[in-house]
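Q: Quick one: sequence and predicted model below, then my questions.
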Amino acid sequence: MGKLNRLSQLFNLKPPPSPTTSQPSPLSTTPLVKTPHPWEGNLPCVFGPNDGCNLHNRPRATIFFDPLLFPPSSGKPKPSGNHPPVPGPSPNAPPAIHSHLPQQPHLGCLTPLPRIHKSVPYAPAFYHVALVLDALRAGAAPPLGILSCAAATGANPRLVWSARACVAGLDGGMASSSLLLEYAVTFPLSADLGDWDPSMTHARTYRKEVLIGSGYRDFQLCPHMMLSFRSHWGAGKDGVRTAGVKFVYAVRREGESKGEWTSEGSTEGEEEMEGMCCGKCWTDGYLGFRMVPGGKVVVSVRVYKDLGQGLHPSDVKFVSVATGAEVERREADFGRMRRRFLEMDEGETKGEEGEGGWI
């Protein structure tokens, strides 16, 4: 893909062995007895009556919210943290979510995905996945808009986030199609160098390193992978400003390794590091950096997940991503989900309709 691939070198990580099979889901495969009358569900960005993202509830008006839809094990939902834009009406009425799936928490239909960051209020549940794929199997357009969200948090630094979904695997027929999810989070980092100015050409180096607070430094890419940003620095010398970011990548039961990105010697545009692909569930992560005028560094975190076919909450893909139940995923599958989104983005640019549709 022409992108820089330095993550494995920075972390000195060895790739996991190439497994051949996946472990079965630990959940019961009890047949799902659907309810005769549909019930209304929460949007994946709604954790309270005045929540929602900028696409579903721009003014943060009262919106449908049922706290009983959160499984007891998920704990009490917290406020979204979404920072609303300039007050105004939403461009469209929030979509309604109606499901016939059973609501007993032990069956898993209400099980949500864990948040990738505590300031990003986005946690689709299995009933969202089933709703999209059931519509596709019935010959209707999949309601991918319920999973399309975007907003910004009021955290410092300000996190801008979005999520979208697409259906993949249609070449094998609708029965084999699965739902893919993409998260994109960006945030700026900047170290104040005081009275340093680019016009200064003497040999003295101005340098400042800033710790990143625990409130926003940790990204739980999946139940098995944690990406933590520890500190960032800025320096000025001989009229040139440089910057860097220190971070740690940890894999459950495999330890952690430290990494550092620096703008010294980097190319223009975003410099991307690939390699955060989980061998224990269907999650891939990508980390990017780019230097912008004023000495700021824009950090980009992208996460991709395969949520399975939506036929039963015991689907091995959904269970591994949502609960952390470990599977054995082939290395050959790494990067597949992102390539799917890139292919559809390219198709849209050319004015073509992407296979399966996307939001």
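A: In hand now; what should we look at?
Q: okay, CA-based contacts and neighbour counts for the rest of this
A: Noted.
Q: what number of residues lie near Pro112?
A: Residues lying near Pro112 (other CA atoms under 10 Å) number 23.
Q: what's the pLDDT at it?
A: For Pro112, the model assigns a pLDDT of 94.
Q: ok now do it, which residues does it touch?
A: 70, 123-126, 322 (CA atoms under 8 Å, 6 or more residues apart in numbering).
Q: in the protein, which spans are helices?
A: 7-11, 126-137, 316-323, 336-349 (DSSP state H).
Q: wait, which of those is closest to Ala243?
A: Among the helices of the chain, helix 7-11 comes nearest to Ala243, with 17.1 Å by CA to CA.
Q: out of everything not next to it in sequence, what's closest to Gly48?
A: Distances taken as CA to CA, 6 or more residues apart in numbering place Phe65 nearest to Gly48, at 5.9 Å, with adjacent residues excluded.
Q: That neighbour touches Val46, doesn't it?
A: Yes: checked against CA atoms under 8 Å, the pair Phe65 and Val46 is within contact range at 6.9 Å.
Q: Give me the number of neighbouring residues for Leu342.
A: For Leu342, using other CA under 10 Å, the count is 11.
Q: Kindly provide the distance from it to Cys166.
A: Going from Leu342 to Cys166 by CA to CA, to the nearest Å gives 11 Å.
Q: Which one's more surrounded, Phe65 and Val46?
A: With neighbours defined as other CA under 10 Å, Phe65 and Val46 compare such that Val46 has more, 27 against 18.
Q: what ranges do the strands span in this structure?
A: Secondary structure of the chain (DSSP state E): strands at 39-41, 82-83, 97-99, 149-153, 160-168, 178-189, 206-211, 218-222, 225-237, 240-251, 255-262, 271-277, 283-292, 296-306.
Q: Now render the ones you listed as JSON lines, adding distance to Leu32.
A: Compiled in JSON lines, the strands of the chain are given as follows (distance: least, CA to CA, whole Å):
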{"stretch": "strand 39-41", "distance to Leu32": "15"}
{"stretch": "strand 82-83", "distance to Leu32": "35"}
{"stretch": "strand 97-99", "distance to Leu32": "12"}
{"stretch": "strand 149-153", "distance to Leu32": "29"}
{"stretch": "strand 160-168", "distance to Leu32": "23"}
{"stretch": "strand 178-189", "distance to Leu32": "19"}
{"stretch": "strand 206-211", "distance to Leu32": "49"}
{"stretch": "strand 218-222", "distance to Leu32": "27"}
{"stretch": "strand 225-237", "distance to Leu32": "32"}
{"stretch": "strand 240-251", "distance to Leu32": "34"}
{"stretch": "strand 255-262", "distance to Leu32": "39"}
{"stretch": "strand 271-277", "distance to Leu32": "32"}
{"stretch": "strand 283-292", "distance to Leu32": "27"}
{"stretch": "strand 296-306", "distance to Leu32": "22"}
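Q: who wins for proximity to Val316 among these?
A: Each of the strands of the chain was scored for nearness to Val316 using CA to CA, and the closest is strand 296-306 (10.3 Å).
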